[in-house]
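>>> everything below, folded, please.
(chains A and B)
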Amino acid sequence: MVFSGLPFLFFFLPAFLLCYLPAKGRAKNIVLLIFSLFFYAWGEPVYLFLMLFTTLIDYTAGRLMERYPVEQGDASEKEMRRKRRCLLIVAVSVNLCLLAFFKYADFAVRIANTLRGVLLQSVPPFPLPGIALPIGISFYTFQSMSYTIDRYRGRVGVQKNYADYLTYVSMFPQLIAGPIVRYQTVERELRERQAGRQDFLFGFRRFLIGLFRKVLIANQVGALWDAIRTAQTLSVPSAWLGLLCFTLQLYYDFSAYSDMAIGLGRMMGFHFLENFNYPLSAVSITDFWRRWHISLSSWFKDYVYIPLGGNRKGLKRQLINLLIVFFLTGLWHGAFLNYILWGLYHGLFLVIEKFYLLRKIEWWPKWICHLYTIIIVVIGFGIFYFEDLNALTLYAAKLFGAGEGGMAPATDFLWYALNYLPQLVIACLCAFPLYPAIEKKIASVRGIQVPVSVLRGLFAILFFAISIASLVRDTYNPFLYFRF
Amino acid sequence: MSGKKKRMDETKEKEQTNTGEKDTAPADRTSVRDASFVRAPEAVCMTMIVAALFLFGILFFALPKKSFSENENRNLARFPAFEAKDLTGGVYTGKVEDYIADHFPARDTWMALATEAERLSGKKLINGVYLANGRLIDAYETPQHTDRAVQSFVRFANALPKDITVELMLVPTAALVYRDTLPRFSPVAQPPEDEEQIRVIEDIYARVEEETGGRVVTIDVVEGDYPVYGLYERRRGENGTDAYYFRTDHHWSLDGAYVGYGRWIAERPNHLKTQTTEAQMARGDYLYAHLYGEYRTRVSSSFRGTTWSKLNDPYFAPDVIEAYVDPAWDISVTYTDTGVTQDTPYNEERLSQKDRYSYFLDGIHPLVIIENHAAPEGIGAIAIVKDSYANIMIPFMIRDFETIYVFDPRYYREGISDFIKEHPEIKEVLLLYNLGTMDTDAGIGGIF
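Sure, this is the predicted structure:
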């Protein structure tokens, strides 16, 4: 089930609100849990058990760590630490093995087959396991793992109630496409949370903003990208426009999902952390990664980069650490070579910036910084899109005029651009933090709050109607981050 | 907000920032607390939206379900029967989602709204339909199964007795003929893509001719010896509008079918031309042209066809249907599946329904037999294997035959070639398909 679909909007959400809002105290979590499990089972009931198993492992590890308290200076401190580390290793290993098996088995076999083709041609190729990817496995595994690691580090308290723990991991707003909410973020709110009228309204507004961004922008530029991608002949400007569209689609799709998740959470009184901070307005690749998919990059930073030594073990080591993190970031996105290439590509630019370019960039005019960043990012998402490397090179040829019709007059560019002009303009403008700036301005002017509020309400209704119309008519409504 | 609650909110926020990562940028939207406060007017509007979520959810259950959408001319999804094997991979729930979309309350109105929003935003290609100058044109997609279509044609032709003439006639869609009306800059209106359909037709013709050893006579609709009727030079209709295709439907109109009939007459082998003399053809009078002008009548002015239905927007005006009615006809038209026999190839009742094109030969039937009681002795019979494009053209052919057997191979399952072998009076077979739906009709469906 996707948030921007009719079943969720008109059946799941009303039914959930009907049960959740009147519930008191502990019952709220139970309602949330039941609806979340149903939400997950809607897409794939079998893998529900996989999620139950994963969470059970981490829950148990978290509880067992309670038995080995670490007290400074105590004689048994070392022994306790050792036991806790054992628990951590077991739990994290199980998590990673499940993730590896369900997500990367096919990939591993494909690589093995490629090597076989080179080295051992007498051995018959291994058959592909053909395992269907469990929805959201990358998200919930990371979420669940963060709990165990933080328990080990003593950053979070124990969760004794399995139902509450499962509620945390399976919570439907963030279950299948993030953000990766860490246990410490919601630890207290799992027990008790305040959700006033303002929270509900604010959350619902945020949800609607996400819905509009998804349906009215992401789906539209996505449709344009599909049209350009499949066109028989393509001029150079159109090829670049296509890649820009994919970048916009990915950004709006994913950040809209985060908007909706954060909004739904807020309606219930949860405060999830922001996941995007206008990444396409970044002034360097370093800046981009502070703004793009924040919950993932901070996860890798805290649980991989810093434990590896971060920047404290010399320049050479830092470089290697960075590349490891970006290798993993790429791999996390999918079991194909192109994702790894994409990760390393970004890692490379990050390294270059860290050791050389960042000092130069400071002196560049702002617009050149934006241009530099957006070009690197857009080309990067070109690598990200094509899982088939042959298709990638074919499209790359189109970008530089080597494809069929590449040197033809760019009338097709006019066609694509004019057909989607309002959507493209709005998508590009809203990629910059204009809205918060306007909001701030409005707040500072006395006496216009009420008319602005009226306008906001009316636009909400208008956009809502158009969104629903578009959902009723169109079957094209993918969520890109579903695959990860 | 009460003072106490506000304080609580503040402490909550403080804790929030304490627990959050210090490296991450501050929340972009929530940080401007005052500016984002939801005031009463907006709150009212949002409450209305929440109410709408509930309302349409309830209406969905309360309203009666239709099994067929007249507007979209298709069967709507039925509620899926539960099967255990469908449970994995979200197959079952996917079907439920289709069902919900198909039966969503006020579906037609929502569709119109979606179209209007896109039209006003300046889009010229909406839901697979080009908003061309003066008409709606379905986007043409190059058939993916031409190999199978060629195979179907070849296998079918080879299965017939040698003394039967087999003709193949592929009709382009409005996207080719009216390519000059397509929106500016659209790639399908630029060379070479604009003549894609001509290339596909020529390719199929060449392959069929080669694989049947020249047995199949191919009929060129687009280019020919009769430029007056060639589709390149479009004739202007009486009211000044071009009328070879409907403006709101994917079929060709009476004028288009008339041209098609002319091309067929001109290109079929000479020994079969019993009625039409070379002299007549030279005059352009091959088709009782003097009669055509006289016998065409307008039967409907409110035709909203399949192309229109993809948009479903009243902004686009309805179309006119004309039919060729020859007062000299003495015929009986038998629909073998229903057993109904009439004395006209038209069904008036269909004109009050949404799918008005079914006026011609009553839409879809596996086998229709048209007998011409006024026919001169021994002018023979023809079998037509076709899609719906033929329905509007066949009435022109009535005078040329004693009997016309009209097969829809998608529904006729008893073996068309066997039927023809059992009817020795059939000396001619015409295969007629349009390029827009050839993929599904002749390619995947096949001819048996």
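
>>> what's the helix or strand for the residue of chain A at minimum distance from chain B?
The nearest approach of chain A to chain B comes at A:Gly457, 2.9 Å away (C-beta to the nearest C-beta). For every residue, glycine as well, the C-beta is placed using N, CA and C. A:Gly457 is located in helix A:449-473, with elements delineated by DSSP states H and E.

>>> neighbouring contacts of that helix?
The contact list for helix A:449-473 (C-beta atoms under 8 Å, 6 or more residues apart in numbering or on different chains) reads A:4-6, A:9, A:205, A:208, A:211-212, A:215-216, A:219, A:442-443, A:477, B:38-46, B:48-49, B:52, B:101, B:104, B:107, B:110-111, B:113-115, B:117, B:127.

>>> quick one: residues contacting A:Thr54.
Contacts were defined as C-beta under 8 Å, 6+ apart; by that measure A:Thr54 touches A:94-95, A:98, A:140-141, A:144, A:169.

>>> just the buried residues of those residues.
Taking 16 or more other C-beta atoms under 10 Å in any protein chain shown as the criterion, what is buried in the contacts of A:Thr54 is A:94-95, A:98, A:140-141, A:144, A:169.

>>> quick one, longest helix in chain B?
Scanning chain B for the longest helix, with DSSP state H as the assignment, gives helix B:40-62.

>>> now do it: which elements does it pack against?
With contacts defined as 3 or more C-beta pairs under 8 Å, 6 or more residues apart in numbering or on different chains; DSSP states H and E, helix B:40-62 has these neighbours: helix A:13-20, helix A:197-212, helix A:449-473.

>>> what angle sits between the last one and helix B:40-62?
Right, the one you point to is helix A:449-473. On the basis of axes from the mean of the first three to the mean of the last three C-alpha atoms, to 10 degrees, helix A:449-473 is oriented at 20 degrees to helix B:40-62.

>>> likewise for the second one?
In terms of direction (the same axes, to 10 degrees), helix A:197-212 departs from helix B:40-62 by 70 degrees.

>>> so what touches helix A:197-212?
By C-beta under 8 Å, 6+ apart, the list of residues contacting helix A:197-212 from outside reads A:3-4, A:9, A:256-269, A:460, A:463-464, A:467, B:1, B:29, B:36-38, B:42-43, B:46, B:49-50.

>>> average pLDDT for it?
On average, the pLDDT along helix A:197-212 is 93.

>>> buried set for that helix?
Buried residues in helix A:197-212, defined by neighbour count with 16+ other C-beta under 10 Å: A:198-212.

>>> same question for the first one.
Residues of helix A:13-20 classed as buried: A:13-14, A:16-17, A:19-20 (neighbour count, 16+ other C-beta under 10 Å).

>>> which of these are close to chain B?
By C-beta under 8 Å from any C-beta of the partner chain, the members of the buried residues of helix A:13-20 lying near chain B are A:13-14, A:17.

>>> which residue packs closest to B:Pro143, ignoring adjacent ones?
In space, B:Pro143 comes closest to B:Asp439 once its chain neighbours are excluded; the distance is 4.2 Å by C-beta to C-beta, 6 or more residues apart in numbering or on different chains.

>>> these two touch, right, the one you found and B:Tyr140?
No: using C-beta atoms under 8 Å, B:Asp439 makes no contact with B:Tyr140, being 11.0 Å away.

>>> if you skip the residues just before and after it, what's nearest to whichever residue of chain B sits closest to chain A?
Closest to chain A within chain B is B:Cys45: 2.9 Å, counting by C-beta to the nearest C-beta. Spatial nearest neighbour of B:Cys45, excluding adjacent residues (C-beta to C-beta, 6+ apart): A:Gly457 at 2.9 Å.

>>> how far away is the one you found from B:Ala43?
Separation of A:Gly457 from B:Ala43 (C-beta to C-beta, to the nearest Å): 8 Å.

>>> in contact with A:Leu56, which residues are there?
Contacts of A:Leu56 (C-beta under 8 Å, 6+ apart): A:Tyr162.

>>> so where do the helices sit in the stretch 251-400 of chain B?
In the stretch 251-400 of chain B, the helices defined using DSSP state H, counting those that start in this stretch lie at B:254-267, B:278-282, B:289-295, B:306-311, B:390-397.

>>> buried deepest among the ones you listed, which one?
helix B:390-397 (a mean of 24; mean count of other C-beta atoms under 10 Å in any protein chain shown).

>>> count of residues packed around residue 312?
Because you didn't say which chain, this covers chain A. 10 (other C-beta atoms under 10 Å in any protein chain shown).

>>> wait, chain B was what I had in mind.
22.

>>> and stretch B:432-445, how far from the chain's centre?
Distance of stretch B:432-445 from the chain centroid (C-alpha atoms, centre = their mean, to the nearest Å) equals 11 Å.

>>> circling back to that earlier point, how about JSON lines for the buried ones among the contacts of A:Thr54, with pLDDT added?
Formatted as JSON lines, the buried ones among the contacts of A:Thr54 follow (pLDDT from 0 to 100):
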{"residue": "A:Val94", "pLDDT": "93"}
{"residue": "A:Asn95", "pLDDT": "92"}
{"residue": "A:Leu98", "pLDDT": "91"}
{"residue": "A:Tyr140", "pLDDT": "91"}
{"residue": "A:Thr141", "pLDDT": "92"}
{"residue": "A:Ser144", "pLDDT": "92"}
{"residue": "A:Val169", "pLDDT": "92"}
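
>>> just put the residues you listed in TSV and tack on secondary structure and distance to A:Ala431.
Compiled in TSV, the buried ones among the contacts of A:Thr54 are given as follows (DSSP: H, G, I helix; E, B strand; the rest coil; distance: C-beta to C-beta, whole Å):
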residue	secondary structure	distance to A:Ala431
A:Val94	helix	40
A:Asn95	helix	35
A:Leu98	helix	36
A:Tyr140	helix	29
A:Thr141	helix	30
A:Ser144	helix	32
A:Val169	helix	32
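
>>> from the residues you listed, which single one is nearest B:Thr297?
Nearest to B:Thr297, judged by C-beta to C-beta, of the buried ones among the contacts of A:Thr54 is A:Tyr140 at 68.0 Å.

>>> what sits against the closest one?
A:51, A:54-55, A:169-170, A:175.

>>> ok, now with 10 Å
By C-beta atoms under 10 Å, 6 or more residues apart in numbering or on different chains, the contact list for A:Tyr140 reads A:40, A:50-51, A:54-55, A:95, A:99, A:134, A:168-171, A:174-176, A:178, A:180.

>>> and these, which of them are in helices?
A:40, A:50-51, A:54-55, A:95, A:99, A:168-170.

>>> of those residues, closest to B:Leu131?
Of those, the one sitting nearest to B:Leu131 (C-beta to C-beta) turns out to be A:Tyr40, at 42.2 Å.

>>> picking up where we left off before, so for the residue of chain B closest to chain A, what's the pLDDT?
Listed pLDDT for B:Cys45 reads 93.

>>> check contacts around it.
A:205, A:208, A:453-462, A:464 are the contacts of B:Cys45 under C-beta under 10 Å, 6+ apart.

>>> which among the residues you listed count as buried?
Counted by 16+ other C-beta under 10 Å, the contacts of B:Cys45 give A:205, A:208, A:453-454, A:456-457, A:460-461, A:464 as buried.

>>> next, the buried residues of stretch A:303-323.
A:303, A:305, A:308, A:318-319, A:321-323.

>>> could you dump these to JSON lines with secondary structure and distance to chain B?
JSON lines is the format used below for the buried residues of stretch A:303-323 (DSSP: H, G, I helix; E, B strand; the rest coil; distance: C-beta to the nearest C-beta, whole Å):
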{"residue": "A:Tyr303", "secondary structure": "helix", "distance to chain B": "12"}
{"residue": "A:Tyr305", "secondary structure": "helix", "distance to chain B": "11"}
{"residue": "A:Leu308", "secondary structure": "coil", "distance to chain B": "16"}
{"residue": "A:Gln318", "secondary structure": "helix", "distance to chain B": "16"}
{"residue": "A:Leu319", "secondary structure": "helix", "distance to chain B": "20"}
{"residue": "A:Asn321", "secondary structure": "helix", "distance to chain B": "16"}
{"residue": "A:Leu322", "secondary structure": "helix", "distance to chain B": "15"}
{"residue": "A:Leu323", "secondary structure": "helix", "distance to chain B": "20"}
